[in-house]
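Chemist: one predicted model, sequence on top.
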Amino acid sequence: SDSCPELKRDPKFSEITSEHVKYFKGLLGSESAVIDGLSTDASEDIEPFNADWMRKYRGHTKLVLKPGSTEEVSKILKYCNDNMLAVVPQGGNTGLVGGSVPVFDEIVINLQRMNSIRSFDEVSGILVADAGVILEVADNFLAEKSHIFPLDLGAKGSCQIGGNVATNAGGLRLLRYGSLHGNVLGIEAVLPDGTIVDDLSKLRKNNTGYDIKQLFIGGEGTIGIITAISILCPQRSPAINAAYFGLESFEKCQQAFREAKSQLSEILSAFELMDGRSQKLLHKASGRKLPLEGEHPFYCLIETSGSNSDHDSEKLEAFLEHVMGEEIVSDGVVAQDQTQIADLWACREGVPECLGHWGGVYKYDLSIPIGQMYALVEETRERMNRAGLIGDSDEYPVVDVVGYGHMGDANLHLNIPTRRFDKKVEKELEPFVYEWVAKRNGSISAEHGLGIAKKAFIGYSRSETMVRLMKQIKELYDPKGIMNPYKYI
Ligand code: FAD
Ligand code: MLT
Ligand code: ZN
């Protein structure tokens with residue numbers, strides 16, 4: 001593998017032959033179902049399925065299968081299991097830990113053709129849909145019914161709801177709507193031996209035995225393929241407001257968060273943090289004009305969702321007046337219409353993409369006790385300074401060290417945009433970051449998962465007992481180890 005030179009292809013897995021390809025073509029039929037790097041009749045370029053979103057991980061699959069039904073997924077997996085063919089489940093391929101692309105020549109099973117909404121109950125708000133439905137498509141469908149998908153994130157235009165559930169994505173409104181572990185009510189999945197797990201429950205309460213579906217939520221495609229989900233969707237708030245403000249210290253960001261919780265209480269739907277450096281790089285890379293004049297070391301984005309627009313914007317204006325009067329916030333702006341709300345959100349959601357502008361990014365997605373969240377960014381920047389690795393010109397590998405993330409969830413995204421990947425930079429970062437987080441009982445992966453990028457570091461966040469229990473589950477569900485090998489645990 002290009003990205004993990006120390007890894008070797010496991011010889012227990014078969015190599016794909018024309019015999020296998022013949023079987024899959026017979027099963028899936030049309031040309032569009034099989035992209036075949038083995039013959040000359042490839043209908044589509046295979047490269048996008050091999051490379052991840054960050055362009056950091058790259059596999060060498062010769063075969064991408066696009067099943068159109070749960071039965072087809074079942075037949076594919078049974079055949080792969082019987083023939084020792086390794087597979088990688090793939091959704092929108094927007095994951096950030098290298099989990100969605102092959103490491104070697106594993107077969108990619110992409111869910112994009114399974115994209116139907118199966119049902120929606122307007123009274124209960126329960127949506128049942130195929131795993132391959134794009135998150136934004138699901139949310140637009142729900143908007144017409146005055147409901148909202150309880151998850152939103154910057155990759156909504158290409159990630160799939162099955163991929164979201166497989167990674168247990170957190171996103172921008174977890175603070176308000178909670179995690180997928182609570183909102184997902186049921187799952188249909190296929191085990192490696194072809195068994196269809198039909199747990200597409202629409203019940204909010206069902207205490208009849210172990211809650212097996214939870215293993216698939218955040219399972220990252222290591223025990224089976226999710227083919228459909230049933231999910232509880234809240235009523236969409238008719239009134240959405242947003243504000244963006246500048247602050248002088250991280251201490252003040254915390255004060256602002258406390259004030260927001262107490263003054264905006266039930267209408268608060270997001271509280272996001274961006275440091276000044278991340279906003280500066282966003283401006284540099286995209287040319288986007290920032291909402292406030294002047295520079296501040298920190299920015300926060302607040303969103304409210306309620307039922308009465310006038311009442312909510314009054315509350316938000318009063319909140320801003322209060323925190324500015326108390327000198328917690330230095331400057332701020334409240335969006336006046338939909339376009340301005342979208343512009344404010346773009347300053348937050350646009351950060352991940354812009355950080356890749358200079359070459360590569362070292363990404364750390366961490367849970368840290370909230371009071372200490374930003375200290376890690378400062379310490380990491382000092383380390384880079386001391387090592388002489390950070391600077392404005394091309395001779396320095398590191399462009400900057402920035403922090404942003406989901407302040408309301410105490411989830412920091414520590415990012416180190418670089419001009420090139422460099423072993424010296426890596427040595428300064430690891431194990432330093434992981435040890436720093438472990439010392440504070442945080443998590444080395446708050447929401448992006450383990451994939452291949454974080455697999456080796458699970459021990460910083462989980463005990464030996466917990467890892468052993470996880471391995472037992474993996475062996476029970478996937479005894480031959482064909483599901484997303486080389487990753488997770
Ligand atoms: P993929 O990337 O295709 O796959 C991810 C993992 O799930 C892989 O291990 C894959 O094997 C597995 N998988 C995919 N589909 C299935 C399935 N049907 N059954 C079983 N396994 C499957 N994450 C957050 O938590 N919060 C954020 O705010 C956030 N913002 C993001 C912003 C940007 C710009 C980007 C690029 C990513 C962001 N992410 C965020 C990362 C996040 O994990 C993904 O965007 C999303 O959840 C993955 O969905 P996907 O369909 O692209 O899955
Ligand atoms: C975000 O919150 O923007 C995402 O998790 C992506 C990232 O961490 O860069
Ligand atoms: Zn995030």
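Modeler: Arrived safely. Ligands and ions are numbered 1, 2, ... in the order given.

Chemist: mind telling me which residue of the stretch 201-350 of the chain is nearest ligand 2?
Modeler: Minimum separation of the stretch 201-350 of the chain from ligand 2 (CB to the nearest ligand atom) falls at Glu349, amounting to 6.6 Å. Where you see a C-beta, it was placed from the backbone N, CA and C, and this is true even at glycine.

Chemist: now the phi/psi pair for the spatially closest residue to that residue that is not a sequence neighbour, please.
Modeler: Taking CB to CB, 6 or more residues apart in numbering as the measure, Glu349 lies nearest to Gly154, with 4.0 Å between them; neighbours along the chain are not counted. Comment: the main-chain dihedrals of Gly154 come out as phi -60, psi -20, following degrees, to the nearest 10.

Chemist: Gly154 contacts Pro352, doesn't it?
Modeler: Yes: under the contact definition of CB atoms under 8 Å, Gly154 touches Pro352, with a separation of 6.0 Å.

Chemist: and those two? Which one has more around it.
Modeler: Ranked by neighbour count (other CB atoms under 10 Å), Gly154 and Pro352 place Pro352 first, with 22 against 17.

Chemist: would you map the helices across the stretch 351-489 of the chain?
Modeler: Using DSSP state H, counting those that start in this stretch, the helices of the stretch 351-489 of the chain run over residues 351-355, 375-386, 423-429, 432-439, 464-477.

Chemist: report the buried residues of stretch 280-291.
Modeler: Neighbour-count burial for stretch 280-291, counted by 16 or more other CB atoms under 10 Å, picks out 281-282, 285, 290-291.

Chemist: ok now that stretch, how far from the chain's centre?
Modeler: When distances are taken as CA atoms, centre = their mean, to the nearest Å, stretch 280-291 is centred 23 Å away from the chain's centroid.

Chemist: near ligand 2, which residues of this structure?
Modeler: 154, 351-352, 365, 405, 413 (CB under 6 Å from any ligand atom).

Chemist: if we go to 8 Å?
Modeler: Applying CB under 8 Å from any ligand atom, one finds that the chain approaches ligand 2 through 96, 153-155, 170-172, 272, 348-349, 351-352, 355, 361, 363, 365, 404-406, 411, 413, 415, 447-448.

Chemist: PyMOL command to pick out the buried ones of the residues you listed?
Modeler: Typed into PyMOL, the line below selects the buried ones among the residues of the chain next to ligand 2, using 16+ other CB under 10 Å:
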select buried, resi 96+153+154+155+170+171+172+272+348+349+351+352+355+361+363+365+404+405+406+411+413+415+447+448
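
Chemist: give me the number of residues near the nearest residue to Glu248 once chain neighbours are set aside?
Modeler: Spatially, and ignoring its direct neighbours in sequence, Glu248 is nearest to Ser330 (5.8 Å; CB to CB, 6+ apart). Counted with other CB under 10 Å, the neighbours of Ser330 add up to 17.

Chemist: give me the subset of the residues of the chain next to ligand 2 lying in strands.
Modeler: When DSSP state E defines the strands, the subset of these inside them is 272, 361, 363, 365, 404-406, 411, 413, 415.

Chemist: residue in the protein nearest to ligand 1?
Modeler: Gly163 (2.0 Å).

Chemist: quick one: contacts for that residue?
Modeler: Under the criterion of CB atoms under 8 Å, 6 or more residues apart in numbering, the contact list for Gly163 reads 90-92, 94-95, 100, 111, 131, 169.

Chemist: now do the buried residues in the helix or strand containing Glu321.
Modeler: Secondary structure assigned from DSSP states H and E places Glu321 in helix 309-325. Neighbour counts over helix 309-325 (16+ other CB under 10 Å) mark 312-313, 315-316, 319-320, 323 as buried.

Chemist: now do the end-to-end distance for stretch 455-467.
Modeler: Between the opening and closing residues of stretch 455-467 we find a distance of 11 Å, counting by CA to CA, to the nearest Å.

Chemist: ignore the last one, stretch 424-438
Modeler: Terminal residues of stretch 424-438 lie 22 Å apart, using CA to CA.

Chemist: and the buried residues of stretch 280-291, which is closest to Gln254?
Modeler: Pro291 (21.6 Å; CB to CB).

Chemist: are we agreed that the closest one is in a strand?
Modeler: No: for Pro291, which was evaluated using DSSP: H, G, I helix; E, B strand; the rest coil, the result is coil, with no strand membership.

Chemist: didn't it look like it was pressed against Ala342?
Modeler: No: Pro291 lies out of contact with Ala342 (CB under 8 Å); the separation is 11.8 Å.

Chemist: pLDDT-wise, which helix or strand of the chain ranks last?
Modeler: For the chain, the helix or strand with the lowest mean confidence is strand 34-36, at a mean of 62 (criterion: mean pLDDT, DSSP states H and E).

Chemist: and the helices in the stretch 101-250 of the chain?
Modeler: Using DSSP H, counting those that start in this stretch, helices in the stretch 101-250 of the chain cover 135-144, 161-167, 174-177, 180-183, 213-216, 250-264.
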